[in-house]
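# no FASTA, just this:
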């Protein structure tokens, strides 16, 4: 992944990637003060409920009826003008013929609400695992220099950890940096029910218990110059203990135990590692990064079991199906590939995005659906039970900071200077009931 922060910020600004245009009003005219007042009314922070959406309100609150362009017209313009970041030019065009053509139109998840009290941000333009839901009511996200918690019950946002000042660990572990860090620039994070883990641009790793105050552990995983923390995975081992797997730009993958925060394994690869995911049986790990090919490796030894050939650019996402037979990878060539471990000579399916790199990939907990998010505007929901022949396309405007899948919920973080928000969807069931909580 890119290590040049100036390049990164310049790309986002120069290409205006993710920023919804400041549309002109339909009525026009008026003096400056009147126009300012009207603009303020147009962008005022208002949430959107499912009922309001059914009555015709835009799910993001964009007032299309008062603008000089329709939603459909802007969508067409956006598709034509959006610039996808590629390390290999035209990789997505070269892939076009090999992708499975699947008509959209299925509907598996219904819109619930859009909360503009949540303002997710993107810390590095290629890293988008920045939304984590630990229950249907609890969502964690990064905004500016802090991790926040959002409750869908109270609709309140609470700061959990601020990285702008001094961060000092309060517990004693071997390898804990007593002095901690000051003004940490976070690149990625992960959360489960009791633990928050964040990584930084220079190999920093911070672990905080959600059940008590303060930070438990701080360390530098590497002192290499190219040491961006690209992804973090929290999972249970064979015995039920909690482990952390950290992917880094220094070509390393490190595994820590959470009980003592000690390094258990350190695997090295020929290229920067952008993402890893461990199989449900904890025996295999997918490793993807700054190479067109990915790897399937042994989780205990780090030995390469198979090379995954097919993508045409760098990959930044991966996820396992709960049956332990399939996994998926997301790539800057605008494709998500599904693989079968029983035959890795080629991918099982190649699924295509619309405008951008596939930067987030997840299977539902029951394996029924495969979700992947593009860099902006689109989240795709594929039905795995029918061999990915049916899909739902969730369509909005803005850069995607991440997606998180619960038992029945889908959360989407949208980054935009005006319309930043959290979109919530709920899975349709064959039965209807009143969800009082």
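That came in fine, so what should we check first? Because the structure is a prediction, the values reported are computed rather than measured. Numbers count the residues shown, from 1 in each chain.
# scan the chain for its longest strand.
As assigned by DSSP state E, the longest strand anywhere in the chain is strand 391-405.
# tell me the buried residues in it?
With burial defined by 16 or more other C-beta atoms under 10 Å, the residues of strand 391-405 counted as buried are 391-392, 394, 396-405. The C-beta positions use only the backbone N, C-alpha and C, and glycine is treated the same way.
# now do stretch 275-291
Buried positions in stretch 275-291, judged by neighbour count with 16+ other C-beta under 10 Å: 275-279, 284-291.
# tell me which of the residues you listed fall in helices.
Among these, none falls in helices (DSSP state H).
# residues contacting residue 302?
Applying C-beta atoms under 8 Å, 6 or more residues apart in numbering, we find residue 302 in contact with 253, 265, 267, 268.
# the third one: neighbouring residues, count only.
So that's residue 267. Residues near residue 267, counting by other C-beta atoms under 10 Å, number 22.
# just give the closest residue to it, not the sequence neighbours.
Among residues not flanking residue 267 along the chain, residue 302 sits closest, at 3.3 Å (C-beta to C-beta, 6 or more residues apart in numbering).
# could you look up the SS state of residue 223?
Assigned with DSSP: H, G, I helix; E, B strand; the rest coil, residue 223 falls in the coil class.
# residue 75 too?
Per three-state DSSP, residue 75 ends up helix.
# residues contacting it?
Shown in contact with residue 75 (C-beta under 8 Å, 6+ apart): residue 395.
# and the one 4 residues further on, by the same measure?
For residue 79, the contacting residues are 354, 355, by C-beta under 8 Å, 6+ apart.
# would you confirm that it belongs to a helix?
Yes - Residue 79: assigned to a helix according to three-state DSSP.
# low-confidence regions, the chain specifically.
By pLDDT under 70, the low-scoring segments of the chain are 2-45, 430-437.
# out of the contacts of residue 302, what pair is the most spread apart?
265 and 268 (10.7 Å; C-beta to C-beta).
# between the two, who's got more neighbours?
Neighbour totals were compared for residue 265 and residue 268, and residue 265 leads with 15 against 11 (other C-beta under 10 Å).
# just the element for that one, please.
Using DSSP states H and E, residue 265 sits in strand 263-268.
# same question, residue 94
helix 91-95.
# who's in contact with the residue lying closest to residue 135 once chain neighbours are set aside?
Of all residues beyond its chain neighbours, the one nearest residue 135 is residue 406 (6.8 Å), with distances taken as C-beta to C-beta, 6+ apart. Taking C-beta under 8 Å, 6+ apart as the criterion, residue 406 is in contact with 133, 135, 136, 365.
# please tell me how far residue 58 sits from residue 397.
Separation of residue 58 from residue 397 (C-beta to C-beta, to the nearest Å): 10 Å.
# that older thread, the strand holding residue 265: how far from the chain's middle?
Centre-to-centre, strand 263-268 and its host chain are 25 Å apart (C-alpha atoms, centre = their mean, to the nearest Å).
# can you check stretch 86-98 too?
The answer for stretch 86-98 is 22 Å, by C-alpha atoms, centre = their mean.
# quick one, strands of the stretch 151-300 of the chain?
For the stretch 151-300 of the chain, applying DSSP state E, counting those that start in this stretch gives strands covering 157-162, 166-167, 181-182, 186-191, 195-200, 204-209, 217-220, 229-236, 242-248, 252-257, 263-268, 273-278, 284-289, 294-298.
# adding distance to residue 337, write these out as CSV.
Shown next, in CSV, are those (distance: least, C-beta to C-beta, whole Å):
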stretch, distance to residue 337
strand 157-162, 35
strand 166-167, 38
strand 181-182, 37
strand 186-191, 22
strand 195-200, 26
strand 204-209, 30
strand 217-220, 34
strand 229-236, 18
strand 242-248, 19
strand 252-257, 21
strand 263-268, 22
strand 273-278, 14
strand 284-289, 10
strand 294-298, 9
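# out of the buried residues of stretch 275-291, which one sits closest to residue 258?
residue 278 (14.5 Å).
# for residue 88, give its distance to residue 106.
From residue 88 to residue 106 the distance is 32 Å (C-beta to C-beta).
# would you mind pulling the contact partners of the helix or strand hosting residue 423?
If you go by DSSP H and E, residue 423 is part of strand 421-427. Identification of contacts with strand 421-427 by C-beta under 8 Å, 6+ apart yields 59-60, 108-116, 118-120, 131, 139, 141, 150, 152, 364, 394, 396, 408-414.
# could you do stretch 257-266 as well?
By C-beta under 8 Å, 6+ apart, stretch 257-266 touches 173-176, 195, 207, 216-217, 219, 234, 237, 241-244, 252-256, 300, 302.
# could you rerun that using 6 Å?
173, 217, 242, 243, 254, 255, 256 (C-beta atoms under 6 Å, 6 or more residues apart in numbering).
# now for the fifth one, how many residues are close by?
Which is residue 254. Look at residue 254: counted by other C-beta under 10 Å, it has 22 neighbours.
# kindly report the same for the fourth one.
Residues contacting residue 243 under the criterion other C-beta under 10 Å number 20.
# residue 200 now?
22.
# how near is the residue nearest to it when sequence neighbours are not counted to residue 266?
Here the nearest residue to residue 200 in space, its sequence neighbours aside, is residue 184; by C-beta to C-beta, 6+ apart that works out to 5.0 Å. Residue 184 sits 22 Å away from residue 266, going by C-beta to C-beta.
# again, but for residue 415
Taken as C-beta to C-beta, the span from residue 415 to residue 266 is 33 Å.
# so what's the backbone phi/psi at residue 97?
Torsion angles at residue 97 (phi, psi; degrees, to the nearest 10) stand at phi -70, psi -20.
# what about it, distance to residue 187?
Counting by C-beta to C-beta - residue 97 and residue 187 are separated by 35 Å.
# got it, and residue 356?
From residue 356 to residue 187 the distance is 19 Å (C-beta to C-beta).
# likewise for residue 283?
Using C-beta to C-beta, we find residue 283 at a distance of 29 Å from residue 187.
# how about the residue nearest to residue 206 when sequence neighbours are not counted, what does it touch?
Distances taken as C-beta to C-beta, 6+ apart place residue 198 nearest to residue 206, at 4.8 Å, with adjacent residues excluded. For residue 198, the contacting residues are 186, 189, 206, by C-beta under 6 Å, 6+ apart.
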